[in-house]
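Undergrad: Return a 3D structure for these sequence lines:
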Amino acid sequence: MEIIETKIRDLLIIKPVVFEDNRGYFFESYNKEKFLQKGIDHNFVQDNESKSMKGVLRGLHFQAPPFAQGKLVRVMKGAVLDVAVDIRKNSPTYGKWASIELTESNKWMYWVPPGLAHGFVTLEDNTVFFYKCTNVYNKNSEGSVRWNDPDLKIDWGVANPILSEKDQQSPLFKDFVSPF
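TA: I've put the predicted structure just below:
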(Lines give C-alpha, C1' and ligand atoms only; values in the text may rest on other atoms or scores of the structure.)
Protein backbone atom coordinates (compact mmCIF):
# COMPACT_ATOMS: atom_id res chain seq x y z
CA MET A 1 0.00 0.00 0.00
CA GLU A 2 1.41 3.34 -1.05
CA ILE A 3 0.17 6.45 0.78
CA ILE A 4 0.91 9.74 -1.00
CA GLU A 5 0.62 13.25 0.43
CA THR A 6 -1.17 15.94 -1.60
CA LYS A 7 -0.84 19.72 -1.68
CA ILE A 8 -3.42 19.89 1.14
CA ARG A 9 -2.17 18.79 4.56
CA ASP A 10 -3.68 15.46 5.70
CA LEU A 11 -5.47 14.81 2.37
CA LEU A 12 -3.92 11.56 1.16
CA ILE A 13 -4.02 9.33 -1.92
CA ILE A 14 -3.91 5.64 -1.10
CA LYS A 15 -2.78 3.22 -3.80
CA PRO A 16 -3.26 -0.39 -2.78
CA VAL A 17 -1.16 -3.26 -4.04
CA VAL A 18 -3.49 -5.24 -6.31
CA PHE A 19 -2.94 -8.93 -6.99
CA GLU A 20 -4.60 -9.96 -10.26
CA ASP A 21 -4.74 -13.22 -12.17
CA ASN A 22 -7.17 -15.10 -14.39
CA ARG A 23 -9.55 -15.57 -11.42
CA GLY A 24 -9.90 -11.85 -10.68
CA TYR A 25 -8.15 -9.64 -8.13
CA PHE A 26 -7.47 -9.10 -4.42
CA PHE A 27 -6.30 -6.04 -2.54
CA GLU A 28 -6.12 -4.73 1.01
CA SER A 29 -8.41 -1.69 1.20
CA TYR A 30 -7.70 -0.84 4.84
CA ASN A 31 -4.85 -1.57 7.21
CA LYS A 32 -4.99 0.24 10.55
CA GLU A 33 -1.25 -0.15 11.20
CA LYS A 34 -0.25 1.35 7.84
CA PHE A 35 -2.74 4.18 8.28
CA LEU A 36 -1.38 4.92 11.76
CA GLN A 37 2.11 5.22 10.30
CA LYS A 38 0.79 8.09 8.13
CA GLY A 39 -1.04 9.76 11.02
CA ILE A 40 -4.53 8.52 10.20
CA ASP A 41 -5.54 7.67 13.75
CA HIS A 42 -9.30 7.36 13.42
CA ASN A 43 -11.89 4.69 14.05
CA PHE A 44 -14.39 4.09 11.30
CA VAL A 45 -17.96 3.86 12.60
CA GLN A 46 -20.19 4.12 9.51
CA ASP A 47 -20.02 2.89 5.91
CA ASN A 48 -21.96 4.57 3.09
CA GLU A 49 -22.52 3.62 -0.53
CA SER A 50 -24.16 5.44 -3.42
CA LYS A 51 -24.97 4.50 -7.00
CA SER A 52 -25.27 7.24 -9.60
CA MET A 53 -25.74 7.68 -13.31
CA LYS A 54 -23.11 9.53 -15.36
CA GLY A 55 -22.94 13.28 -14.69
CA VAL A 56 -24.31 13.26 -11.14
CA LEU A 57 -22.47 15.67 -8.87
CA ARG A 58 -22.73 15.23 -5.10
CA GLY A 59 -21.14 17.87 -2.91
CA LEU A 60 -19.41 19.77 -1.55
CA HIS A 61 -20.48 18.33 1.82
CA PHE A 62 -19.12 18.18 5.36
CA GLN A 63 -20.26 17.50 8.91
CA ALA A 64 -19.56 20.20 11.52
CA PRO A 65 -18.13 19.39 14.96
CA PRO A 66 -18.90 17.54 17.14
CA PHE A 67 -20.02 15.25 14.30
CA ALA A 68 -17.14 16.08 11.93
CA GLN A 69 -16.27 13.15 9.68
CA GLY A 70 -13.12 11.89 8.08
CA LYS A 71 -13.86 9.80 4.99
CA LEU A 72 -11.94 7.02 3.28
CA VAL A 73 -13.49 6.99 -0.20
CA ARG A 74 -13.21 4.73 -3.23
CA VAL A 75 -15.06 3.63 -6.35
CA MET A 76 -16.24 0.04 -6.51
CA LYS A 77 -17.74 0.32 -10.02
CA GLY A 78 -17.35 3.08 -12.61
CA ALA A 79 -15.37 6.28 -12.14
CA VAL A 80 -15.52 9.68 -10.44
CA LEU A 81 -13.63 12.91 -10.24
CA ASP A 82 -13.30 13.32 -6.47
CA VAL A 83 -12.76 16.80 -4.99
CA ALA A 84 -11.81 17.98 -1.50
CA VAL A 85 -11.75 21.62 -0.33
CA ASP A 86 -9.88 22.74 2.78
CA ILE A 87 -12.33 24.59 5.07
CA ARG A 88 -10.05 24.69 8.14
CA LYS A 89 -9.78 28.43 8.95
CA ASN A 90 -6.19 28.27 10.26
CA SER A 91 -4.87 26.06 7.49
CA PRO A 92 -2.36 27.51 5.01
CA THR A 93 -4.44 25.87 2.25
CA TYR A 94 -7.82 27.22 3.43
CA GLY A 95 -10.07 27.60 0.39
CA LYS A 96 -7.80 25.48 -1.81
CA TRP A 97 -8.96 22.29 -3.47
CA ALA A 98 -7.46 19.09 -4.84
CA SER A 99 -8.96 16.43 -7.07
CA ILE A 100 -8.23 12.91 -8.20
CA GLU A 101 -9.87 10.43 -10.56
CA LEU A 102 -10.93 7.33 -8.67
CA THR A 103 -11.94 4.35 -10.79
CA GLU A 104 -12.80 0.71 -10.45
CA SER A 105 -9.67 0.03 -12.53
CA ASN A 106 -7.09 1.97 -10.52
CA LYS A 107 -8.66 1.05 -7.14
CA TRP A 108 -7.15 4.17 -5.56
CA MET A 109 -8.65 5.71 -2.44
CA TYR A 110 -8.72 9.20 -0.99
CA TRP A 111 -8.42 9.94 2.74
CA VAL A 112 -10.47 13.11 3.29
CA PRO A 113 -9.86 14.26 6.88
CA PRO A 114 -12.32 16.19 9.06
CA GLY A 115 -12.30 19.86 8.10
CA LEU A 116 -12.46 19.32 4.36
CA ALA A 117 -15.59 19.63 2.25
CA HIS A 118 -15.97 16.71 -0.13
CA GLY A 119 -17.74 16.03 -3.40
CA PHE A 120 -17.56 14.00 -6.56
CA VAL A 121 -18.95 13.86 -10.07
CA THR A 122 -19.59 10.51 -11.75
CA LEU A 123 -17.84 9.87 -15.06
CA GLU A 124 -19.70 6.65 -15.96
CA ASP A 125 -23.21 5.29 -15.63
CA ASN A 126 -23.98 3.06 -12.63
CA THR A 127 -20.99 4.28 -10.65
CA VAL A 128 -20.89 2.78 -7.16
CA PHE A 129 -19.10 4.99 -4.63
CA PHE A 130 -18.13 3.71 -1.18
CA TYR A 131 -16.88 5.52 1.88
CA LYS A 132 -15.96 4.72 5.44
CA CYS A 133 -16.69 7.50 7.95
CA THR A 134 -15.11 8.32 11.29
CA ASN A 135 -18.35 9.65 12.75
CA VAL A 136 -22.05 8.97 12.32
CA TYR A 137 -24.24 11.15 10.16
CA ASN A 138 -26.07 13.92 12.02
CA LYS A 139 -28.60 15.97 10.03
CA ASN A 140 -28.19 19.07 12.22
CA SER A 141 -24.41 19.05 11.62
CA GLU A 142 -24.47 18.77 7.83
CA GLY A 143 -23.12 21.62 5.79
CA SER A 144 -22.12 22.38 2.24
CA VAL A 145 -20.41 24.84 -0.08
CA ARG A 146 -21.59 25.58 -3.62
CA TRP A 147 -20.08 23.13 -6.10
CA ASN A 148 -19.49 25.80 -8.77
CA ASP A 149 -18.36 28.60 -6.48
CA PRO A 150 -16.70 31.38 -8.53
CA ASP A 151 -14.00 31.95 -5.90
CA LEU A 152 -13.01 28.27 -5.62
CA LYS A 153 -12.93 27.77 -9.43
CA ILE A 154 -13.09 23.97 -9.27
CA ASP A 155 -12.65 22.30 -12.64
CA TRP A 156 -15.20 19.48 -12.48
CA GLY A 157 -14.86 18.66 -16.18
CA VAL A 158 -18.65 18.76 -16.69
CA ALA A 159 -20.78 21.67 -17.89
CA ASN A 160 -24.25 20.73 -16.62
CA PRO A 161 -24.09 18.15 -13.86
CA ILE A 162 -27.17 16.53 -12.34
CA LEU A 163 -27.62 18.03 -8.87
CA SER A 164 -29.88 17.61 -5.87
CA GLU A 165 -31.97 20.60 -4.86
CA LYS A 166 -29.87 20.90 -1.71
CA ASP A 167 -26.62 21.09 -3.70
CA GLN A 168 -28.08 23.73 -6.02
CA GLN A 169 -28.74 25.96 -3.01
CA SER A 170 -25.49 25.54 -1.06
CA PRO A 171 -23.89 28.79 0.15
CA LEU A 172 -21.13 30.50 -1.74
CA PHE A 173 -17.65 30.28 -0.22
CA LYS A 174 -17.51 34.06 0.43
CA ASP A 175 -20.70 33.75 2.56
CA PHE A 176 -19.57 30.58 4.29
CA VAL A 177 -18.59 30.62 7.97
CA SER A 178 -16.38 27.62 8.67
CA PRO A 179 -17.02 25.68 11.89
CA PHE A 180 -13.42 24.34 11.74
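Undergrad: Just give me the residue right at the centre of this structure.
TA: His118 (4.5 Å; C-alpha atoms, centre = their mean).
Undergrad: who are the neighbours in contact with that residue?
TA: 59-62, 71, 73, 82-85, 112 (C-beta atoms under 8 Å, 6 or more residues apart in numbering). Just so you know, the C-beta spots here come from the backbone N, C-alpha and C atoms, and that holds for glycine as well.
Undergrad: if you look at those residues, which of them are in strands?
TA: Using DSSP state E, the members of the contacts of His118 that fall within strands are 59-62, 71, 73, 82-85, 112.
Undergrad: for those, which one is nearest Asn140?
TA: Nearest to Asn140 out of the ones in strands among the contacts of His118 is Phe62 (C-beta to C-beta; 13.2 Å).
Undergrad: can you pull the contacts of the closest one?
TA: Listed by C-beta under 8 Å, 6+ apart, the contact set of Phe62 reads 68-69, 87, 115-118, 142-145.
Undergrad: Please identify the buried residues of stretch 164-171?
TA: Judged by neighbour count (16 or more other C-beta atoms under 10 Å), stretch 164-171 contains these buried residues: 167, 170.
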